[in-house]
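Trainee: structure for the following, please:
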Amino acid sequence: MSERCFIIPVYNHAQGIHNTITKLEAFAMPCIVVDDGSDAECASVIAALEQRYPYVEVVRHERNRGKGAAVKTALRQAHARGFSHTLQIDADEQHDTAEIPSLLAASEQHPDAIILGEPQFDASVPRLRLYSRYLTHVWVWINTLSLRIRDAMCGFRIYPVAQLIELLDARPLGDRMEFDIEVLVALRWRGARFVGVPVHTRYPEGGVSHFRLVEDNWFISKMHARCFFTMLANLPRALTGKV
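Mentor: You can find the predicted model right below:
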């Protein structure tokens with residue numbers, strides 16, 4: 001497993017990143033944490049974690065640039081370090097670390113595929129959040145002309161690093177919450193394979209969300225529109241999964 005690493009984008013989740021990193025110790029895998037311009041309290045927690053755990057490497061953005069930008073930084077750092085695969089996990093404790101072995105096993109069996117966590121929500125999920133996800137699911141299915149991506153919003157996933165670096169070098173992708181969705185659409189257009197793994201997903205009591213209702217929905221809507229018109233302009237190739 002030494003060729004694999006965790007990547008965690010984090011912005012002002014002091015308690016969440018502490019708990020997540022502590023749980024990841026059991027997996028004996030390197031971990032790249034990208035601090036996306038967190039406040040002093042969270043930055044201090046992250047610095048202390050890097051000092052305490054030798055498997056943790058921290059890269060810091062001096063200002064908040066968005067989740068997508070943080071994931072891109074983590075992917076490029078993983079590539080520079082020679083890792084073949086990255087397991088992305090969020091810092092807000094929505095993702096159950098007990099599901100990590102299932103994701104890793106799927107990646108071992110399908111090393112060239114993107115392994116996607118498919119959320120199995122418990123009662124903690126806000127109903128509005130749950131229903132609104134389906135609108136994005138429908139747009140992803142339209143823009144890829146495929147049902148292969150069952151949930152494009154879950155950030156619990158494994159990427160083959162080389163595929164992602166090739167994509168990032170070839171196509172501009174959004175820097176904020178739209179990234180997790182857009183990157184999968186773009187990968188599908190390049191003929192990538194996807195393997196879904198059911199994962200338990202919860203919304204921690206008192207959890208902090210940095211999703212900006214108006215601004216991030218606007219970015220996501222623009223992304224869906226951009227993908228739709230790109231798909232239409234390349235319709236013959238889109239029908240074969242190559243845009």
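
Trainee: all strands of this structure, in order?
Mentor: Chain-ordered strands for the chain, with DSSP state E as the definition, fall at 4-10, 31-36, 56-61, 85-88, 114-121, 157-160, 194-201.

Trainee: so residue 77 touches residue 32, yeah?
Mentor: Yes. Counting by C-beta atoms under 8 Å, residue 77 touches residue 32, with 5.2 Å between them. Heads up, the C-betas are built off the backbone N, CA and C, glycines and all.

Trainee: more neighbours: those two, which one.
Mentor: When residue 77 and residue 32 are compared for neighbours, residue 32 comes out ahead with 23 against 18, by other C-beta atoms under 10 Å.

Trainee: ok so, going back, joint contacts of residue 77 and residue 32?
Mentor: 57, 59 (C-beta atoms under 8 Å, 6 or more residues apart in numbering).

Trainee: quick one: closest of the strands of the chain to residue 218.
Mentor: Among those, strand 31-36 comes nearest to residue 218, with 19.6 Å by C-beta to C-beta.

Trainee: what is the rounded mean pLDDT of the closest one?
Mentor: Average pLDDT, strand 31-36: 98.

Trainee: how far off centre is that strand?
Mentor: Distance of strand 31-36 from the chain centroid (C-alpha atoms, centre = their mean, to the nearest Å) equals 13 Å.

Trainee: same question, stretch 34-52
Mentor: Mean C-alpha position of stretch 34-52 versus that of the full chain (C-alpha atoms, centre = their mean) differs by 20 Å.

Trainee: pull the CA atoms of stretch 137-146 into CSV?
Mentor: In CSV, the C-alpha atoms belonging to stretch 137-146 read as follows (Å, rounded to 0.1, in the frame of the first residue of the first chain):
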residue,chain,number,x,y,z
HIS,A,137,-27.2,13.3,-10.4
VAL,A,138,-29.6,13.8,-13.3
TRP,A,139,-27.4,16.5,-14.9
VAL,A,140,-24.4,14.2,-14.6
TRP,A,141,-26.3,11.4,-16.3
ILE,A,142,-27.3,13.8,-19.1
ASN,A,143,-23.9,15.3,-19.6
THR,A,144,-22.2,11.9,-19.7
LEU,A,145,-25.0,10.2,-21.6
SER,A,146,-24.4,7.4,-19.0
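
Trainee: now residue 111: closest residue in space, sequence neighbours ignored.
Mentor: Of all residues not flanking residue 111 in the chain, residue 160 sits nearest, at 6.8 Å (C-beta to C-beta, 6 or more residues apart in numbering).

Trainee: ok, which stretches of the chain are helices?
Mentor: Using DSSP state H, the helices of the chain run over residues 14-24, 40-52, 67-80, 100-109, 127-144, 161-170, 179-189, 213-233, 235-238.

Trainee: out of those, deepest packed?
Mentor: Comparing those by mean neighbour count (mean count of other C-beta atoms under 10 Å), helix 179-189 ranks first with a mean of 23.

Trainee: quick one: contacts of it?
Mentor: The contact list for helix 179-189 (C-beta under 8 Å, 6+ apart) reads 66-69, 71-72, 114, 116, 136, 140, 143-144, 146, 148-149, 152-155, 163-164, 167, 171, 173-174, 194, 220, 223-224, 227, 231, 234, 238, 241-243.

Trainee: and the angle from it to helix 161-170?
Mentor: Calculated by axes from the mean of the first three to the mean of the last three C-alpha atoms, to 10 degrees, helix 179-189 forms an angle of 100 degrees with helix 161-170.

Trainee: helix 179-189 to strand 114-121, inter-axis angle?
Mentor: Interaxial angle, helix 179-189 versus strand 114-121 (the same axes, to 10 degrees): 130 degrees.

Trainee: picking up where we left off before, how many neighbours does the residue nearest to residue 111 have?
Mentor: For residue 160, the count of nearby residues is 21 (other C-beta under 10 Å).
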